[in-house]
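Asks: Just to be clear, the model below is a prediction. Sequence and coordinates:
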Amino acid sequence: MNLDNNWFTELNSSTGCAFSLHIKSKLHEEQTPFQNIIIYQTTKFGNLMVLDGYVMLTERDNFIYHEMITHPVLFTHPKPRKVAIIGGGDCGSLREVTKHSYLEQIIQIEIDERVTRLAEQYFPSLCESNNDPRVKFQFEDAIQWIAKAPDNSLDVIIVDSTDPLGHGEGLFTTAFFRDCRRVLGSKGLLVQQSESPLLHLPLLQSIHKSMREGGFKSTKTLQFPLPVYPSGWWTATMAGDNLTYLRAADAYNEPINTNYYNADIQKASFILPNFLIEALPE
């Protein structure tokens, strides 16, 4: 991280990239038991949350990520009722999930409660569904929570995680995916944020491998733009036993208010460029 002349810059020597945002002011900074959290006000992207020096979200473009990590998987599962969100402390994914009125139970498992409390203060639009009666917050280690969860107790797991650094590495392992497979019902689906296909292809390949070694028969990656993440091109990877199902009538007709997602975007997002088709399993 570098802050010079009112510019926040995320430096990443491993990929040879940097990304900058023009800053008006620093609104908050604290060190929690898990990470350093800084909230900035930017000139053009609204408020910015930075965790351990890495951009997590801005007010201007977070809707793309949150809509694409939630709605495609929920419209792929034939009849989801119980959903768990792993991570997602800023509550943007939770906001999108609660738009599906047929869901009965939504559990969010976030290790660092301070992320959620600061989101409520500095990103209130992301937290507008936090009091939905279907929602339950668990502020604990999600890896341990999944390991203890009953068999066949969830329909969808959404892994809205940070990069695979530190404790977050455990959310990208075969052992974790094996526990997710056990907890999901026979038609259960998992989706995981899976980084940039341009900068992190070996990691993306390893996610597919680990998901399949964890017991999922099918894995598919979807893509979308995300301006403030490295390369501006991001992915999520879905896992299940059958990923060909799309509740097209619901996806086209359900009255869900979105800014980026629609049913045609969902279909198009799974059409990958040739180098990814060659690099990823069928």
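Replies: Noted; the coordinates are in hand.

Asks: domains of the protein?
Replies: 2-58, 62-279 (automatic domain parsing).

Asks: need these in a markdown table with mean neighbour count and mean pLDDT, can you?
Replies: Bear in mind the C-beta positions are built from the backbone N, C-alpha and C, glycine included. Listed next are those as a markdown table, based on neighbours: other Cβ atoms under 10 Å; pLDDT from 0 to 100:
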| stretch | mean neighbour count | mean pLDDT |
| --- | --- | --- |
| domain 2-58 | 15 | 94 |
| domain 62-279 | 19 | 95 |
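
Asks: which residues touch the nearest residue to residue 88 once chain neighbours are set aside?
Replies: Spatial nearest neighbour of residue 88, excluding adjacent residues (Cβ to Cβ, 6 or more residues apart in numbering): residue 160 at 3.7 Å. Contact analysis of residue 160 by Cβ atoms under 8 Å, 6 or more residues apart in numbering lists 69, 85, 86, 87, 88, 93, 193.

Asks: I'd like to know how far the spatially most central residue of the chain sits from residue 249.
Replies: When Cα atoms, centre = their mean is applied to the chain, the residue found nearest the centroid is residue 160 (2.8 Å). Using Cβ to Cβ, to the nearest Å, residue 160 is found at 27 Å from residue 249.

Asks: likewise residue 233?
Replies: 31 Å.

Asks: what does residue 128 give?
Replies: Taking Cβ to Cβ, one finds residue 128 at 27 Å from residue 249.

Asks: How about residue 268?
Replies: 19 Å.

Asks: tell me which element residue 208 falls in.
Replies: In this assignment (DSSP states H and E), residue 208 forms part of helix 201-213.

Asks: Quick one: distance of that helix to the chain centre.
Replies: 16 Å (Cα atoms, centre = their mean, to the nearest Å).

Asks: Determine the set of other helices and strands touching that helix.
Replies: helix 174-183, strand 184-193, strand 218-225, strand 233-240, helix 274-279 (3 or more Cβ pairs under 8 Å, 6 or more residues apart in numbering; DSSP states H and E).
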